[in-house]
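In: How does the following fold in three dimensions:
(4 chains)
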Protein chains: 2
Amino acid sequence: MGVTKTQVFTEKQNRIADLAKALAHPARIAIIQHLLKEKSCVCGDLVEVLPLAQATVSQHLKELKNIGILHGEINPPRVCYCINETVWLEAKAIFGEIFESEVAVTCCK
Amino acid sequence: MGVTKTQVFTEKQNRIADLAKALAHPARIAIIQHLLKEKSCVCGDLVEVLPLAQATVSQHLKELKNIGILHGEINPPRVCYCINETVWLEAKAIFGEIFESEVAVTCCK
DNA sequence: AATGTCTATCGTATTATTGCGATAATAAAA
DNA sequence: TTTTATTATCGCAATAATACGATAGACATT
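Out: As a prediction, the model looks like this:
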């Protein structure tokens, strides 16, 4: 095994998990925080900010791009990465929906 | 390698990533959704709801317990799992903080 | 004490993730 | 055309995560 049984869960449950997985690494959190705060979104700037090798940063960017949170714009010889507002708002809504639930106080009593 | 370089990131970035990792599996999303919705929080009930083996469910519960999102209460011969409101509110605040940021529209322009 | 019920843990197989050096690819500039 | 600058991809090694059968542990009931 070692493979998630995605087919037995709902599409939404899988989507939430996939979005969470994209956030499940401190480097990707740092990337997102940087893109939210700074205008600069060139790959090379991120490589300087992050204490990781260029290949590793590029890989994290690819993952964020795959899930849709980022999109890259080629601006030779650079590539500018930006947050995709559509997916960002989707994630905001999805996590907002989960966390707006009240925790049942009657549980285990 | 294969090991995350946690020491080069901030404590908060690592905490966000760890909380996200706890949500990064559809089974754990399903567990949380069930505990938010139903009063029943006995392990055995979760095993029935989830199309996974008992050992696998127990493992997912352990991960959620380790991060602090859940706590288990022994109620022999059962174990009742509940959402830990403190950590739940921490997660809500942390994700809320990230998503309240406006996406810069001037990026890549 | 023996049994039954429920949950945790162990062991194992498989796949995924992380990290990085080396190299390829792209496109402007010299 | 050659060089330079920037980013993506490949290949590898090591660790992490997923899943589950088997088994152990905890505890009430008989």
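
In: Could you give the separation of the lowest-mean-pLDDT helix or strand in chain A from the chain centroid?
Out: The least trusted helix or strand in chain A, going by mean pLDDT, DSSP states H and E, turns out to be strand A:70-75, with a mean of 87. Relative to its parent chain, strand A:70-75 has a centroid offset of 15 Å by Cα atoms, centre = their mean, to the nearest Å.

In: ok, and for it, which residues are buried?
Out: The neighbour-count check on strand A:70-75 (16 or more other Cβ atoms under 10 Å in any protein chain shown) flags A:Leu70, A:His71, A:Gly72 as buried. C-beta: built from backbone N, CA, C; applies to glycine.

In: quick one: the strand or helix carrying A:Ala93 near chain B?
Out: Secondary structure assignment for A:Ala93, by DSSP states H and E: helix A:85-99. Yes: judged by Cβ under 8 Å from any Cβ of the partner chain, helix A:85-99 comes into contact with chain B at A:Glu85, A:Trp88, A:Ala91, A:Lys92, A:Phe95, A:Gly96, A:Ile98, A:Phe99.

In: right, and A:Arg15 touches A:Ala93 too?
Out: No: if you go by Cβ atoms under 8 Å, A:Arg15 and A:Ala93 don't touch, sitting 11.2 Å apart.

In: okay, the two: which has more neighbours?
Out: Neighbours around A:Arg15 and A:Ala93, counted as other Cβ atoms under 10 Å in any protein chain shown, are more numerous at A:Arg15. The numbers are 17 against 11.

In: Distance check, the more buried one against DNA strand D.
Out: With the distance defined as Cβ to the nearest atom of the strand, to the nearest Å, A:Arg15 ends up 15 Å from DNA strand D.

In: now do A:Ala27
Out: Separation of A:Ala27 from DNA strand D (Cβ to the nearest atom of the strand): 14 Å.
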